[in-house]
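Visitor: my questions concern the predicted model and sequence given below.
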Amino acid sequence: MATKKAGSRLETEIERCRSECQWERIPELVKQLSAKLIANDVELLKLHNMYGIMDILASVPQHTWCGCFMSQELPVCGALIPGAGLLIVIATEVIAFMLSVRDDMAELLLGESKLEQFLKENALKQNSSPRGPRPKLTEVRKHLTAALDRGNLKPEFLQEANLIMAKLNYVEGDYKEALNTYARVGVDDLQLSAVPPYRLRMIAEAYSTKGLCLEKLPISSSASNLHVDREQEIVTCYEKAGDIALLYLQEIERVINANLQNRSPKPGPTAHEQELGFFLETGLQRAHVLYFKNGNLTRGVGRFRELLRAVETRTTQNLRMTIARQLAEILLRGMCEQSYWNPLEDPPHQSPLDDPLRKGSNTKNYVLSRRPRVYTGENIFCPQENTEEALLLLLISESMANRDAVLSRIPEHKNDRIISLQSASVVYDLLTIALGRRGQYEMLSECLERAMKFAFEEFHLWYQFALSLMAAGKSARAVKVLKECIRLKPDDATIPLLAAKLCMGSLHWLEEAERFAKTVVDLGDKTSEFKAKGYLALGLTYSLQATDACFDHPAHSLSPTDHLAAFYLALQLAISRQIPEALGYVRQALQLQGDDANSLHLLALLLSAQKHCHDALNIIDMALSEYPENFILLFTKVKLESLCRGPDEALLTCKHMLQIWKSCYNLTNPSDSGRGSSLLDRAIADRRQLNTITLPDFSDPETGSVHATSIAASRVEQALSEVASSLQSSAPKQGPLHPWMTLAQIWLHAAEVYIGIGKPAEATACTQEAANLFPMSHYVLYMRGQVAELRGNIDEAKRWYEEALSISPTHVKSMQRLALILHQLGRYSLAEKILRDAVQVNSTAHEVWNGLGEVLQAQGNDDAATECFLTALELEASSPVVPFTIIPRVL
């Protein structure tokens, strides 16, 4: 009995090794099993020699010993009965039969293990040519032929031998014989229930091999129906192979986990890396490829989803990530919202995604007795649109890519590290497309930040990260990341140009911008096409630093066809009040780029500086016909209309701006509490992207100041406004800040118009709308001071101006109005001090010079007052309707 138990344990171990594809252990286990079974037979023969066969059989009735022989056991007790000679012959033949069965099973196992080891050493490829017979394959065929020719195997093992033989025929290139073998076995009739895992693998490989053979063999007839039937048969083979392969992998993982939990005191190997192999991988991946090749995108997407819904195993993790990435790419590039259906719905019978000439159904045409387990439950998330599903798939892929990242820098892991990086890069590129479409740059930058573990010396990921930070408004971090990009690609001039643009913008890091611009210029002939841009960036930096702008001239001379160089040279000349020269250059810029919004805007401001306000308004109207949603142009139009056409026209433009704001932004106005203003329609948000609209700086809608102090003040007031809003209302502002800043400016411009025509109640209502959005904005506080002055409440106005200056100490208009009140109160020295400080901030503000002259005159200093009045007159003669600095100076 001990010998029999040992044989049983070995048979179980062989079955486990076949299921787990541990083929190298099979030959040794077969030897051990044969040795144990032979020892068992020797014990029987010893019993026979000891007592004599006649004595053994004599006392046993015939039906008893016959049953014993059929069960391959000799009786070991009894007495001699008649016909003993015949019984000896029968006993000898039974023992011989038992030995032949064992030999045939050994041949089957050896043939299978040698074939699998050959395939492991000589990996097959999808479009490989027939290999033909080889020495090792010849040895495999001898083993299998020996097992099949004697016909002593049980039916299920006979089927297995035939399946292995068909697989061998495919490897040798004999596709027709492989198909004939499958026909004899009856692959479609093989049972999937109550079979060991290795048998599921053999059936899955059989379907996969059958599909491969059908693809290789040509169709004898050219009839289109036969071609369609053959294509469907091939795809069905691959789908069955994939489903059964998933079932096999789930079963083998379940068995392995159970064995690990209930391992014996002397366990065997506890870890074995399961591999798919060529045939299983083909079965899992080939069906959807054929669907897409045949123009059936609907079934291809459905097949992807079926594979992804199956319960995951360790072996399919890499495959799952690949399929998820491929499906996400198809959803992003090949499917629109109208043709989308969610994963839990049946696919449409007819879809615009599919080839209209294609014949066939979008539903399955086969049934399996067992199917792989899928994820089920009540709270499973189901995407409802293509971008949502694509994003879900990509986030899953990103998680898997980060989990399996190869970070080791040792040479042995170089290839694995490159493959890991390439796989992750594709996922992050697709994430960029998916999140970029939705404007979710904050989320994209967070995803790319997780990719930094891959990014050592990898320019592409660093650059993507920098661009995402720029789009998310994280300019300071973006500049730091761009520095790393410059280190990785020192000869690429576009990177320091981007960094310079950020530094000149909201950061106002002018020294950094200067260094980046000089980096571009110093590259010289390496990037000659960007040399002019480098000088342009350098000139803009010096312009913002309020120094000599001579570096704009090299930019213009190096690139005479670049309208930006001519435009920024004109802008700098305009800021320095060289109006005729600025007009010449802005006309050059318009000749090069006639529809440039900033050039048209500058031309209008130059005309207004020459007091040709009607011509300036015509230019603004022409520009708005091209850019109807440009709020900077609209704000200037309000100012010009107040001068040329009257306040009613200006108020209509403010109302029109509210309507544009409503059509541009998918936001809800937190100040909309049901009480509205009868002056202007309330701005209720609708939908559209934010990033296509050019927005002015909210630091000062009048001056467009970009001084470092005004930027700092803008950040302070932003923080204070958020705190004040949270105290006043439980509904915070939704979405990005720029739309709300624009809405506040619209209300403030309307308030200015009402102040100009002496209507304090209406001005108060408009100012309150802005205050509901940014209660601590210095310009909102300034406008409240203006309204208080209009009402004649000087003390209240003084308090509002002081509060505005406490937030933005360099706000020139607040300084000028506060000094005027102090002048009225007789506090001349303090008024003079404030006005002189204002001149230091903005030396071209003619109102400040005029106010300073009045204060000096009141103090009896007539000579100095006269000089101030003359300066004010000179500056007013070249003063535009709004300052030139309202035009953004960016690359």
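Guide: It's in.

Visitor: and the residue nearest to the spatial centre of the chain, what's its pLDDT?
Guide: Centroid-nearest residue in the chain: residue 431, 1.0 Å away (criterion: CA atoms, centre = their mean). In the predicted model, residue 431 carries a pLDDT score of 89.

Visitor: now do the contacts for it.
Guide: 391, 394, 395, 398, 444, 447, 448 (CB atoms under 8 Å, 6 or more residues apart in numbering). The C-beta positions use only the backbone N, C-alpha and C, and glycine is treated the same way.

Visitor: which helix or strand contains it?
Guide: Using DSSP states H and E, residue 431 maps to helix 414-437.

Visitor: just the CA atoms of that helix, as CSV, please.
Guide: The C-alpha coordinates for helix 414-437 follow below in CSV (Å, rounded to 0.1, in the frame of the first residue of the first chain):
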residue,chain,number,x,y,z
LYS,A,414,19.1,47.9,-19.2
ASN,A,415,16.8,46.2,-21.7
ASP,A,416,14.0,45.7,-19.1
ARG,A,417,14.4,49.4,-18.1
ILE,A,418,14.0,50.6,-21.7
ILE,A,419,10.9,48.5,-22.2
SER,A,420,9.4,49.7,-19.0
LEU,A,421,10.1,53.3,-19.9
GLN,A,422,8.7,53.0,-23.4
SER,A,423,5.5,51.4,-22.1
ALA,A,424,5.1,54.1,-19.5
SER,A,425,5.8,56.9,-22.0
VAL,A,426,3.0,55.7,-24.3
VAL,A,427,0.6,55.7,-21.4
TYR,A,428,1.6,59.2,-20.3
ASP,A,429,1.3,60.5,-23.9
LEU,A,430,-2.2,59.2,-24.2
LEU,A,431,-3.0,60.7,-20.7
THR,A,432,-1.8,64.0,-22.1
ILE,A,433,-4.3,63.7,-25.0
ALA,A,434,-7.2,62.6,-22.8
LEU,A,435,-6.7,65.2,-20.0
GLY,A,436,-5.7,68.0,-22.4
ARG,A,437,-9.0,67.6,-24.2
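
Visitor: buried stuff in the helix or strand just after it?
Guide: Next along the chain after helix 414-437, taking DSSP H and E as the criterion, comes helix 441-450. Neighbour counts using 16 or more other CB atoms under 10 Å place 441, 443, 444, 445, 447, 448 of helix 441-450 among the buried residues.

Visitor: isn't the fourth one right next to residue 470, touching?
Guide: No. With contact defined as CB atoms under 8 Å, residue 445 does not reach residue 470; the gap is 9.1 Å.

Visitor: pLDDT value on residue 705, please?
Guide: Note on residue 705: pLDDT of 42.

Visitor: wait, residue 210
Guide: Taking residue 210 on its own, its pLDDT is 92.

Visitor: so what's the residue count around it?
Guide: Neighbours of residue 210 under the rule other CB atoms under 10 Å: 27.

Visitor: now, among the contacts of residue 431, which is nearest to residue 162?
Guide: Lowest distance from residue 162 to the contacts of residue 431 (CB to CB) belongs to residue 394, with 44.5 Å.

Visitor: can you report how many residues lie near that closest one?
Guide: 29.

Visitor: surely it and residue 328 touch.
Guide: Yes. The pair residue 394 and residue 328 passes the contact test of CB under 8 Å, sitting 4.9 Å apart.

Visitor: identify the contacts common to these two.
Guide: 430, 434.

Visitor: surely residue 746 meets residue 660?
Guide: No. Using CB under 8 Å, residue 746 is not in contact with residue 660; the gap is 9.1 Å.

Visitor: and these two? Which one has more around it.
Guide: Neighbour comparison, residue 746 and residue 660: the larger count goes to residue 746, with 27 against 18 (by other CB under 10 Å).

Visitor: tell me the contacts of the closest residue to the more buried one other than its chain neighbours?
Guide: Closest residue to residue 746 apart from its sequence neighbours, by CB to CB, 6 or more residues apart in numbering: residue 657 at 4.8 Å. Going by CB under 8 Å, 6+ apart, residue 657 touches 631, 634, 638, 746, 749.

Visitor: what's near enough to touch the fourth one?
Guide: Spelled out, that is residue 746. Going by CB under 8 Å, 6+ apart, residue 746 touches 631, 654, 657, 658, 661, 683.

Visitor: before we move on, back to that, quick one: which helix or strand includes the residue nearest to residue 746?
Guide: helix 647-664.

Visitor: buried stuff in that helix?
Guide: 647, 649-651, 653-654, 656-658, 660-662, 664.

Visitor: looking at these, spot the one nearest residue 520.
Guide: Distance to residue 520, by CB to CB, is smallest for residue 664 among the buried residues of helix 647-664, at 34.8 Å.

Visitor: okay, now residue 610: neighbour count?
Guide: 15.

Visitor: that one and residue 394, how far apart?
Guide: Residue 610 sits at a distance of 56 Å from residue 394 (criterion: CB to CB, to the nearest Å).

Visitor: same deal with residue 616?
Guide: Noted for residue 616: a distance of 50 Å to residue 394, by CB to CB.

Visitor: in terms of secondary structure, what does the helix or strand hosting residue 851 contact?
Guide: Using DSSP H and E, residue 851 maps to helix 846-858. In terms of contacts (3 or more CB pairs under 8 Å, 6 or more residues apart in numbering; DSSP states H and E), helix 846-858 is packed against helix 812-824, helix 828-841, helix 862-877.

Visitor: buried set for that helix?
Guide: For helix 846-858, using 16+ other CB under 10 Å, the buried residues are 846, 847, 848, 849, 850, 851, 852, 853, 854, 855, 856, 857.

Visitor: quick check: pLDDT value at the third one.
Guide: As predicted, residue 848 sits at a pLDDT of 90.

Visitor: report the mean per-residue pLDDT for the helix or strand in which residue 149 is found.
Guide: Assessed by DSSP H and E, residue 149 sits inside helix 135-150. Per-residue pLDDT over helix 135-150 has a mean of 84.

Visitor: which residues does it contact?
Guide: With CB under 8 Å, 6+ apart, helix 135-150 has contacts from 100, 103-105, 107-108, 110-111, 114-115, 118, 131, 133, 153, 158, 161-162, 164-165, 168, 171-172.

Visitor: thought residue 369 was touching residue 195?
Guide: No. Using CB under 8 Å, residue 369 makes no contact with residue 195, being 10.6 Å away.

Visitor: who has more neighbours, these two?
Guide: More crowded of residue 369 and residue 195, by other CB under 10 Å: residue 195, with 15 against 8.

Visitor: relative to residue 22, how far out is that one?
Guide: Noted for residue 195: a distance of 19 Å to residue 22, by CB to CB.

Visitor: that older thread, who touches both of residue 746 and residue 660?
Guide: residue 631.

Visitor: re earlier: export the buried residues of helix 441-450 to CSV and tack on distance to residue 225 and pLDDT?
Guide: Shown next, in CSV, are these (distance: CB to CB, whole Å; pLDDT from 0 to 100):
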residue, distance to residue 225, pLDDT
441, 53, 88
443, 51, 89
444, 50, 90
445, 55, 90
447, 49, 89
448, 52, 88
